[in-house]
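Engineer: my questions concern the predicted model and sequence given below.
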Amino acid sequence: MVKDAESPAYLRIAHDIETQISHGTLHVGDKLPSVRALSRYRAVSISTILASYFWLENRSYIEARPRSGFYVRIPSSVPEPQFRHRESTPRNIELLPTLEELLEAANDLSKTNLGASFPNADLFPTAKLNKIIRRITHVNPYHSSRYHFPPGAEELRQQIAKRSLEFGCSFSPDEIVVTSGAIEAIALSLRAVASSGDVVAVEVPVHFGVLQAIESLGMKVIEMPTHHRHGIDAQYLERAIEKYKVKACVVMPNCHNPLGYVLGEDWKQAVAELSSKYNVPIIENDVYRDVAFGERRPKPLKAYDRRGLVLLCSSYSKVLGPGFRVGWVHGGRFRDYIERAKFRTSIAAPSLSELTIAEYLKSGGYDRHIRRIRNLLPDHLQAFSRAIVKYFPDGTRMTRPAGGYLLWVELPKRVDGDELFRIALKRNIYVMPGSVFSANRRYRNYVRIGYGVLWSPAVDKALLEVGKIAAALAK
């Protein structure tokens, strides 16, 4: 765009913002000044600033978030994935054939891991957590000589409850049940609200761990078409509830895995009201909300729950270290059943992990760590996105995450993600094929890329290699 005195004011302002984005002054996830503030600063009308923002939005430099403002997006020539509204009916889940291969390969540290759902080990506060562990074992050497029976260590539940005020809730420590990660929290929640043979609605794509939990309980799944920016259509969900007698719904409105979106307050309010209208519990997977981009963390759907029908499940695995296996659930009106089910299932959670996380939360270290992660992730995302633009074949599409660590990449139709996974594995590269994110194996030409790892020449080379494999398969 030519910038000169004869250009309209809105184009000159848009160009200034575009330049700041391209030079790295403004990063992905940064919030732009409010329309009123920028109109005062540039001494132009509000309509001029809106025209500037709309110009930038139409060219995918920025995006509007409801009731929040305008934010920097990934500048990219790659379009977003196509949304296909596919009707679905309830079905039983069969064990996904690729899953065992995936889990076995994920443990091989010799591979360049492009599919991880958590960040590089160097981004975890391992040294500080190890220091806390040493202190606990010194002061309380018998910490593991007894069980921390459900609901779990009181110190941890107090910290979780205290933090609930920050996201629009007011939990009591007694309402929290500590679990071995978020997947156990989701599985216990499913047991609390549904029985074998019942129908559970899920977003698609959906994390394969959720499908495994539903399958293990003998429940049926109905897959809800999910837009890569707007989530499930609430009206479509309502029709499914009425037609198929859906007993529960599993959703991930903040930093969705793998789509990366953060849904607005209107969507969360609408789904909470839908839950109340039909008395259908909502199980909310909330493991990534703390790493949403921007200064303000979004509220969970739970903040809009007025009848105890939303079961909020979270974990510290994705932000402090997967090996701790510390999750939790606020089960609303189902809390007592969840506590009993936790005891029957695994008796207790690891006491040392609970005490360590509790102490770290109490120290204030967690908030500093999260700020650091949130500041780093947009740069990671830009680096990965630019490499995909550069190396992947024509016809590739990808999401524009609003937080978390994950990119959802649609490849040309001829590319089989399972085959790509196996070829890449032979070249010591690990990617996550899209087929495991649906019980119907819908996403055969998709892959999930984790951008939480630190950028390096090895990562750049691995993405180049994956792009070559995809291009060969696309022919």
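Structural biologist: Everything's here; your move.
Engineer: quick one: low-confidence parts of this structure?
Structural biologist: For the chain, the stretches with pLDDT under 70 are 1-7, 22, 58, 74-77, 95-97, 295.
Engineer: which residue ranges of the stretch 101-250 of the chain form helices?
Structural biologist: In the stretch 101-250 of the chain, the helices defined using DSSP state H, counting those that start in this stretch lie at 126-139, 154-163, 182-193, 208-216, 234-244.
Engineer: then the third one to CSV, C-alphas only?
Structural biologist: So that's helix 182-193. Provided in CSV are the C-alpha atoms of helix 182-193 (Å, rounded to 0.1, in the frame of the first residue of the first chain):
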residue,chain,number,x,y,z
ALA,A,182,-7.8,-33.5,33.5
ILE,A,183,-8.8,-36.7,31.6
GLU,A,184,-9.6,-38.5,34.9
ALA,A,185,-11.6,-35.4,35.9
ILE,A,186,-13.6,-35.7,32.7
ALA,A,187,-14.0,-39.5,33.0
LEU,A,188,-15.3,-39.1,36.6
SER,A,189,-17.6,-36.3,35.5
LEU,A,190,-19.0,-38.5,32.7
ARG,A,191,-19.7,-41.3,35.3
ALA,A,192,-21.5,-38.8,37.5
VAL,A,193,-23.9,-37.6,34.8
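Engineer: ok so, going back, most tightly packed of the helices of the stretch 101-250 of the chain?
Structural biologist: helix 182-193 (a mean of 26; mean count of other CB atoms under 10 Å). To be clear about C-beta, it is placed using only N, CA and C from the backbone, and glycine gets the same treatment.
Engineer: elements contacting it?
Structural biologist: Packing partners of helix 182-193 (3 or more CB pairs under 8 Å, 6 or more residues apart in numbering; DSSP states H and E): strand 176-179, helix 208-216, strand 248-251, strand 282-285, strand 310-315, strand 327-330, helix 335-346.
Engineer: among the ones you listed, which is nearest A51?
Structural biologist: strand 248-251 (35.9 Å; CB to CB).
Engineer: relative to the whole chain's centre, how far out is the longest helix belonging to the chain?
Structural biologist: For the chain, the helix with the greatest residue count under DSSP state H is helix 365-391. With CA atoms, centre = their mean, to the nearest Å as the basis, helix 365-391 stands 14 Å off its chain's centre.
Engineer: and it, what other elements does it pack with?
Structural biologist: With contacts taken as 3+ CB pairs under 8 Å, 6+ apart, helix 365-391 sits against helix 317-320, strand 406-410, helix 457-474.
Engineer: winner for burial among those?
Structural biologist: Ranked by mean neighbours (mean count of other CB under 10 Å), the helices and strands packed on helix 365-391 are led by strand 406-410, with a mean of 25.
Engineer: wait, which of the helices and strands packed on helix 365-391 is closest to L114?
Structural biologist: helix 457-474 (5.8 Å).
Engineer: helices and strands around that closest one, which ones?
Structural biologist: strand 112-113, helix 365-391, helix 417-426, strand 429-430.
Engineer: got the angle between the longest one and helix 126-139?
Structural biologist: With axes from the mean of the first three to the mean of the last three CA atoms, to 10 degrees applied, the angle from helix 365-391 to helix 126-139 works out at 150 degrees.
Engineer: wait, which of the helices and strands packed on helix 365-391 is closest to P119?
Structural biologist: Closest among those, once you apply CB to CB, is helix 317-320, at 8.0 Å.
Engineer: from the chain's centre, how far out does the closest one sit?
Structural biologist: Worked out by CA atoms, centre = their mean, helix 317-320 lies 12 Å from the chain centre.
Engineer: ok, residues contacting that helix?
Structural biologist: Helix 317-320 has contacts (CB atoms under 8 Å, 6 or more residues apart in numbering) with 117-118, 124-125, 129, 181-182, 287-288, 290-291, 324-327, 357, 360, 366, 369-370, 373, 405.
Engineer: what angle separates the longest helix of the chain from helix 154-163?
Structural biologist: Orientation check (the same axes, to 10 degrees): helix 365-391 against helix 154-163 gives 70 degrees.
Engineer: what about I62, distance to T126?
Structural biologist: Relative to T126, I62 is positioned 36 Å away (CB to CB, to the nearest Å).
Engineer: can you check P8 too?
Structural biologist: Distance from P8 to T126, by CB to CB: 53 Å.
Engineer: so the protein: which segments form each domain?
Structural biologist: The chain breaks down by automatic domain parsing into domains covering 9-72, 99-121+368-474, 125-364.
Engineer: could you dump those into CSV and include distance to F83?
Structural biologist: Shown next, in CSV, are the domains of the chain (distance: least, CB to CB, whole Å):
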stretch, distance to F83
domain 9-72, 16
domain 99-121+368-474, 10
domain 125-364, 5
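Engineer: for H85, which of those is the nearest?
Structural biologist: The closest of the domains of the chain to H85 is domain 125-364. By CB to CB, the value is 4.7 Å.
Engineer: pull the distance from the closest one to the chain's centre.
Structural biologist: Per CA atoms, centre = their mean, the displacement of domain 125-364 from the mean C-alpha position of its chain is 12 Å.
Engineer: look up phi and psi at V280.
Structural biologist: phi -100, psi 120 (degrees, to the nearest 10).
Engineer: check the gap between it and E184 for me.
Structural biologist: V280 is 22 Å from E184, where distance means CB to CB.
Engineer: contacting residues around stretch 184-193?
Structural biologist: Stretch 184-193 has contacts (CB under 8 Å, 6+ apart) with 177, 179, 200, 209-210, 213-214, 216-217, 219, 247-248, 250, 281, 283, 285, 311, 313-315, 327-329, 331, 334, 337-338, 341-342, 345-346.
Engineer: look up how far R73 lies from the residue lying closest to K302 once chain neighbours are set aside.
Structural biologist: Nearest non-adjacent residue to K302, counting by CB to CB, 6 or more residues apart in numbering: L312, 4.1 Å away. Note on L312: its distance to R73, by CB to CB, is 29 Å.
Engineer: and these two? Which one has more around it.
Structural biologist: With neighbours defined as other CB atoms under 10 Å, L312 and R73 compare such that L312 has more, 27 against 20.
Engineer: which helices and strands does the strand or helix carrying S275 pack with?
Structural biologist: Applying DSSP states H and E as the criterion places S275 in helix 265-278. Where contact means 3+ CB pairs under 8 Å, 6+ apart, helix 265-278 is packed against helix 234-244, strand 248-251, strand 282-285.
Engineer: ok, which of the ones you listed comes nearest P173?
Structural biologist: Comparing these by CB to CB, strand 282-285 comes nearest, at 19.7 Å.
Engineer: quick one on the thing from earlier: going through the contacts of stretch 184-193, which ones are buried?
Structural biologist: In terms of neighbour count (16 or more other CB atoms under 10 Å), the buried residues within the contacts of stretch 184-193 are 177, 179, 200, 209-210, 213-214, 217, 219, 247-248, 250, 281, 283, 285, 311, 313-315, 327-329, 331, 334, 338, 341-342.
Engineer: scan this structure for its longest strand.
Structural biologist: Scanning the chain for the longest strand, with DSSP state E as the assignment, gives strand 220-227.
Engineer: keeping just the C-alphas, turn that strand into CSV.
Structural biologist: This file holds the C-alpha atoms of strand 220-227, laid out as CSV (Å, rounded to 0.1, in the frame of the first residue of the first chain):
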residue,chain,number,x,y,z
LYS,A,220,-22.4,-43.4,22.7
VAL,A,221,-21.1,-40.2,21.2
ILE,A,222,-22.8,-37.8,18.8
GLU,A,223,-20.3,-35.4,17.1
MET,A,224,-21.3,-31.8,16.8
PRO,A,225,-20.0,-29.8,13.8
THR,A,226,-17.6,-27.3,15.3
HIS,A,227,-16.5,-24.1,13.5
